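Novice: just a sequence and a predicted model for now, questions to come.
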Amino acid sequence: MMNKIVCDIHNGVQNSRKTIEFLTKNSSWTWIANYPIAVVNEINRISDEESLKNLEAINFFNEDGFSKNDYTKKELEHLQLTVPSSIKTAYCLCLKKKPDDTYSFKEKFQHDRWKKVTDEDNFEALIESSKFKDVDTSTVIETELRDIMRRAKEIPSLKAIGFVWIVTVPKDTKIEDILDHYFLNNHIYVQQGRKITYIAWADALANINMRYFVNTPK
């Protein structure tokens, strides 16, 4: 299944600068960009006065100071526009079918910072994307990848599904050691002028070993 998803992504990267739009038109899966994966759980987690004011204006928190579990697409889009610090999104999620209008979130413990998305029955793969410049070192690149994976692993419904990293670097930047370390042989590339876009993947994010580093922290 992941090989077919990666094949579709590879076609998208090769044939369009707007990969997600290409996938939406040319793939059998459903692709949702900027997919909401977490919303803030408790009122005391909001320290910015302006953000708090905007959330209170839409009655975001109940009388006990907690957010609700279910949201419409319109409500989540409003949060992204008005209080971006109250919501986390993924670059893209690959789904089995079009999602319902309602998105559900749930905290693990009562006072968690975030409620996390729970529609894992419809999830096929999480796709994240990164772009780097000549000045970005191997350490910077690895650190961003690890940050992406660590954040996603905190969400059980994402940890259990496939993971794809689309990363664009200057053609002279060598990152094969990082890709081999985290993704083994599961990576391919597309060269476009002076840049290379790598597509790396794992059948399940949970299976990626993050215990060791390529660039050992000082």
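Specialist: Received, thanks. Numbering: from 1, shown residues only.

Novice: how about the contacts made by residue 76?
Specialist: 36, 39, 87, 103 (CB atoms under 8 Å, 6 or more residues apart in numbering). All C-beta spots, glycine's among them, are computed from the backbone N, C-alpha and C.

Novice: tell me the one among the residues you listed nearest to residue 116.
Specialist: For those, the closest approach to residue 116 (CB to CB) belongs to residue 39, at 8.7 Å.

Novice: hmm, who's touching the longest strand belonging to the chain?
Specialist: For the chain, the longest strand by residue count, based on DSSP state E, is strand 30-40. Under the contact criterion CB under 8 Å, 6+ apart, strand 30-40 has outside partners 20, 23-24, 46, 67, 71, 76, 79-80, 85-99, 103, 105, 113-117, 152, 155, 158.

Novice: restricted to buried residues, select these in ChimeraX.
Specialist: The buried residues among the contacts of strand 30-40 can be selected in ChimeraX (16 or more other CB atoms under 10 Å) with this line:
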select :20,23,24,46,67,71,76,79,86,87,88,89,90,91,92,93,94,95,99,103,105,114,115,116,117,152,155,158
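
Novice: and the two most separated of the contacts of residue 76?
Specialist: Spatially, the most separated pair among the contacts of residue 76 is 87 and 103, at 10.5 Å (CB to CB).

Novice: circling back to that earlier point, pipe the contacts of residue 76 into CSV and attach distance to residue 143 and pLDDT per row.
Specialist: Listed next are the contacts of residue 76 as CSV, based on distance: CB to CB, whole Å; pLDDT from 0 to 100:
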residue, distance to residue 143, pLDDT
36, 25, 96
39, 26, 98
87, 24, 97
103, 30, 93
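
Novice: what's the closest of those residues to residue 9?
Specialist: residue 36 (21.1 Å).

Novice: which residue packs closest to that closest one, ignoring adjacent ones?
Specialist: Nearest residue to residue 36, sequence neighbours excluded (CB to CB, 6 or more residues apart in numbering): residue 76, at 4.7 Å.
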